[in-house]
Each structure stands twice: as C-alpha cells, then as structure tokens.
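> Compute the structure for the input listed below.
(one chain, ligands or ions: 1)
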Amino acid sequence: MVRKRWIALAALGLGLAYAATHIGVDRQAMYATPAPSATAPMAFPKGFYWGAAIAAQQAESQQPTDWTAFELDAVKNQRFETGAAPGVAKPGHIHDLGASSATVRQQKTGFDQLMGQDMAMAQGMGLNAFRFSIEWARLFPKPGMKAPDPQGIAYYKRLLAEMKQRGITPFATLFHFSSPAWFFEADASGKRGWERADALAHWQQFVTAVAENFVPDIEQWCTLNEPMVYVYNGYMEGVFPPLERRGDVVLAAPVIEALLRAHVIGYQTLHRVADAKKASVNVGFTKHTRAFEPLRNWAPLDRLTAQAVDQAFNWDFNDAVASGRLKLTNTSIDKEIEGLKGSQDYVGINYYGRFYIKSDILNPTKPQVLQHDPDAPAEPVNDLGWAMYPHGFYQILSQAHKRYGKPIFVLENGTADKADNDVGRQKLLVSHVREMWLAMQQEKVDLRGYIHWSLFDNFEWAEGFTARFGLAKVDYENGFKRTERPSAAVYREIAKANALSPELAARLGAP
Ligand code: BGC
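Model prediction:
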C-alpha cells in the first residue's frame, strides 16, 4: 500500500515536472518563422515554377467515376448535411449539393468549355505551371476496353495545346481520388476497387495508355494525390467513396499497399516509355501534410499521440517509398514491396495548416483531431475552421528535405476563403511563400516549385461547392463566370518578379 502511494507520488512529481517544461509555449507567437524583416526582395531560383492546380472530378464535367456515382446518389437521397462543425464532413453526405443546379452538378466549373480562357487567366497571373489530373474514367469509361477512348485522349491533348501556346508547363496527376465506377464493382472474391485481384492490371493498362499518349508532352508527373487522405476519408471516415468505416487502419492496410504498388507501376511505366522515346520524365507522388500539435501542451499523452499521428499521417507513406518497406506506425505491419525503394524523383508536398491532437487515456488509439484550438479565439482560421500555420510549412519542408534529400515540389497549398476581398488567401499566400524562401535559405531545402490550390473555385469533395479555394471566384449559376480575387494580383506580383517583395511581406505576412 505504502509502496503504491510512493509510486503514485513519484508519477505525479514527474508529470508536474514534465508539465512545467511544456506549459506556457505561446503557440500563436510562433505563427511564422522568426527572421529579421527583409530589406531586399526574397528571390527564388531561376526557372522556379509558380503554378495553380485543379483536379478532374472537381473541375471537369462528370465522368462515370465512383465519385460521380456518389454525387448522383447523394442528390437522389438528399444527403446534403454537413458534420458537427464546419469543415467536418458527415459520412455519406455532400454538403449542400442540392442547392446547385443540375447543370452545375454535371459541369462542375465549366472547365471543359473554358479551359482556353482559364489558361489565359493563369498566364495573365504570370504563372508558368498548371497542375491537373487525367481522369481514368474519361479514358476507360467502360470495363473491358482494349484501348483508351480517343475522345478522352483528345480532350487532354486540347488542354496541353492551350498550355503550350502560353508557355505553361503541365504537371499531371494520375490518381486524384476518383476512379472508374466499374473499378468498384466486386470481383469474384467480393473485393472492390484497389483490393480487386485485377486492380493493378487495370491500373497498368491506364498508366501505359497515358504514358504512350502524353510522354514527352508532359514531363512532370505525380502518380498519386494524397494517398493517406484517400485511405482515411474513404476507408476510415466514410466521407469519400467507397464510404467505408473500417475502424482500424490495419483493416485498410491492403489499400495502402495497393496504392504503393500502383505508385511503383506509375513510376516504372512512365520511365520505361520515356526511355524508349528518348524523353525525360520527373515522377513522384504528393502527400497531404499538416503540422500536428498536442492540444494540451502539459499532457504527455497528447504530445506522444501528436508525434505518432505526425509519423503515421505525414511520413509513413513517404518512408515506405524511401526504404522499400511498408511499415505502419503503431501496427506490426512491416512488408517489403518490390521495386518501391527510392521510386521517386522528387518529394511532393501539399500543406494545409495545423491540427490539434487531444488524446483520451481510456481510448489512446482514437484521439480527437481538432481543426483549430478552441481556447485560442484569435487563431487565424479559414472558412472551414482550419488553423492557418505558416511556420508548420517551414517545418514540414525542412523535415522532408532532411529525411529524403530530394528535390521538393509543393503541389498544393491554399485556403478556403470565399470573400470577394480575400484577405485570408492573400495572407496565406504571402506568409507561405516567405516560409519557402526561409526554408531554402536557412535549411537548404531544394525547392523547385509552388503550385497553389486552386486556380478557381471548384467542387470541394464532401464540402460540395460551399468551400471556395479559388484565386478566381466562380459564379456557378451565371455561366461559370470567373472573377479574379485580389489574391490573384498578389500572386501575379510574386510570380512575375520570381520574388517576394519586402513590402508585400510586411503588409500581408502576419496574421
Ligand atoms: C486535395 C484537393 C482539395 C484540397 C482542399 C487536398 O486535400 O488534393 O483535391 O480540394 O486539398 O481541401
């Protein structure tokens, strides 16, 4: 009894000592990386890419994909609710989709018709890069096709021609969350999507068709967009197709493994076809990253859990590609994957701010993930309640550089700000460009380009059309008319100078 009491007291003492060293960290004071105010322009290397992005399902007309099936079903069954808080989607629902007309739901942003005008707008912003995705279901809308639909190929050739005449470099993504609806029909053993026995054979056919048709016109390739977001949202949270809630990441591991194998196929196929054509390709994938912080600095479990979530969400997939072994944090999964080791020419980073981790001692594997700190009302958040955190971008870029030592492309960074005078987006842009420059100067991060999400408002997945990420506003019910927001002028100034001016940094670099 006495012994137990001593142990309890010792634990309490240790806990208090630990707490004392971790309380009082002023998070908001560390909003941006401290550095003396710039007096000269923060210049980027010659040839740096400044771009903007979209993805097929979000901007192009609906193709027969798993997402299209979900959208049609949500409309049919009127599943339009949002989750408990803004930016937290409700499983099986698409926020407010019923408020949009059938034309908007089908045409999304009118990009199929407006692509020429959109590329002219990007050029006018001084951009030299544009990221888009090639919709698998546009090339292979039906199962069993022996060759891609020529109209699908022609569509992307048209887009490439619009870019080429304006000196815009294409950055193409092969899998940006959507795949053909037929891919999700069950095979003989009842498996669907990436778990089908023939999944990778179908993927191989798609990737080969893409490589044969678009190399060498496209040199910059991203095989997978945000594989962990796809897995968590589709297989754990039920907010993306296939709308499953498996409850434990171990049960979703076969999907992660298939995606790693799909990446290898993409990497090897693009390089093989490029070699045969004596062309060059630069191939990687991109990861959604966030800064994860303990909600309560004094709580050791919050701190430990935040570290584990950071490793699992931000780095497990990248570590697997670097080492050739799939290891999932806090599981016993450890498996070699053939051809995986080192199969990336660059590291792709998408960065969207800070999440807070609140652990529960009774349920340590199921922490709460909060989009902002509820006790910090002054914390800058976007329309979805996501905490903005430029310094975290510096940390992620530095870590990615230290871990992998490869060139880095930022393939997405942006914010939901629907205001016509989008001060939030202007600040995000300037503060994050400043962090990139500092990371290049101070940590020698080998950064090659920055692609903003997004060129214009588009369909924001389970948030529907409500969240607006565009440098340009889209007037959906008025012929999809584009109007550049003030952030577009800020971006133009940066891209044209290939530098961030001290004046812009001083005016817009702080919260
Ligand atoms: C995705 C985009 C998405 C953006 C904003 C990323 O997770 O790749 O498709 O629109 O973030 O949420």
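> give the contact list for residue 132.
Contact criterion Cβ atoms under 8 Å, 6 or more residues apart in numbering gives 53-56, 59, 159, 170-173 as the residues in contact with residue 132. Glycine gets a C-beta too; all of them are placed from N, C-alpha and C.
> Among those, which are located in strands?
Cross-referencing the contacts of residue 132 against strands under DSSP state E gives 53, 170-173.
> Would you mind checking the average pLDDT for stretch 365-379?
Here stretch 365-379 scores 92 as its mean pLDDT.
> buried residues in that stretch?
Neighbour-count burial for stretch 365-379 flags 367, 369-373, 379 (criterion: 16 or more other Cβ atoms under 10 Å).
> Over to stretch 199-212?
Applying a neighbour-count criterion of 16+ other Cβ under 10 Å, the buried positions in stretch 199-212 are 199-200, 202-211.
> and what of stretch 403-416?
Of the residues in stretch 403-416, 404, 406-416 count as buried by neighbour count, 16+ other Cβ under 10 Å.
> roughly how far out does that stretch sit from the chain middle?
Average the C-alpha atoms of stretch 403-416, do the same for its chain, and the two points are 9 Å apart (Cα atoms, centre = their mean, to the nearest Å).
> what's the span of that stretch, first residue to last?
Counting by Cα to Cα, to the nearest Å, the length from the leading to the trailing residue of stretch 403-416 is 30 Å.
> picking that back up, of the buried residues of stretch 403-416, which is the nearest to the ligand?
The ligand has its nearest neighbour among these in residue 412, at 5.6 Å by Cβ to the nearest ligand atom.
> any idea of the mean pLDDT for stretch 105-123?
Averaged across stretch 105-123, the pLDDT comes to 98.
> Quick one: distance of that stretch to the chain centre.
Its chain's C-alpha centre and that of stretch 105-123 lie 21 Å apart, by Cα atoms, centre = their mean.
> Now for residue 399: which residues touch it?
When contacts are counted by Cβ under 8 Å, 6+ apart, residue 399 is found next to 314-315.
> Where does it fall, secondary structure wise?
Assignment of secondary structure by DSSP states H and E places residue 399 within helix 390-404.
> What about the contacts of residue 132, which one has the most neighbours?
Neighbour counts for the contacts of residue 132 were taken using other Cβ atoms under 10 Å; the highest belongs to residue 53, with 29 neighbours.
> Bridged to that one, which residues?
Each beta-bridge partner of residue 53 is listed here: residue 131, residue 453, as defined by DSSP bridges.
> Count the neighbours of residue 442 for me.
Number of residues near residue 442 (other Cβ under 10 Å) recorded here: 12.
> so what's it up against?
Under the criterion of Cβ under 8 Å, 6+ apart, the contact list for residue 442 reads residue 35.
> Show me where the stretch 51-200 of the chain has its strands.
129-133, 169-175 (DSSP state E, counting those that start in this stretch).
> Tabulate those strands in JSON lines, adding columns for distance to residue 316 and mean pLDDT.
Conversion of the strands of the stretch 51-200 of the chain to JSON lines gives the following (distance: least, Cβ to Cβ, whole Å; pLDDT from 0 to 100):
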{"stretch": "strand 129-133", "distance to residue 316": "23", "mean pLDDT": "99"}
{"stretch": "strand 169-175", "distance to residue 316": "18", "mean pLDDT": "99"}
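> okay if I get those strands as TSV plus distance to the ligand?
Conversion of these to TSV gives the following (distance: least, Cβ to the nearest ligand atom, whole Å):
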stretch	distance to the ligand
strand 129-133	9
strand 169-175	9
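> can you redo these as TSV with distance to residue 96?
As requested, the strands of the stretch 51-200 of the chain are exported to TSV (distance: least, Cβ to Cβ, whole Å):
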stretch	distance to residue 96
strand 129-133	24
strand 169-175	27
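> From the contacts of residue 132, pick the one nearest residue 31.
residue 53 (25.1 Å; Cβ to Cβ).
> My guess is the closest one contacts residue 412. True?
Yes: in this structure residue 53 lies within contact range of residue 412 using Cβ atoms under 8 Å: 5.9 Å.
> what sits in contact with each of the two?
Counting by Cβ under 8 Å, 6+ apart, the contacts common to residue 53 and residue 412 are 131, 451-453.
> Out of the residues you listed, which comes closest to residue 144?
Among the shared contacts of residue 53 and residue 412, residue 131 lies closest to residue 144 (Cβ to Cβ), at 31.0 Å.
> Identify the residues contacting the closest one.
Contacts for residue 131 (Cβ under 8 Å, 6+ apart) come out as 51-54, 170-173, 222, 411-412, 451.
> Strands along the stretch 301-450 of the chain, start to end?
Taking DSSP E, counting those that start in this stretch as the criterion, the stretch 301-450 of the chain contains strands spanning 325-327, 334-336, 347-358, 368-370, 408-413, 447-453.
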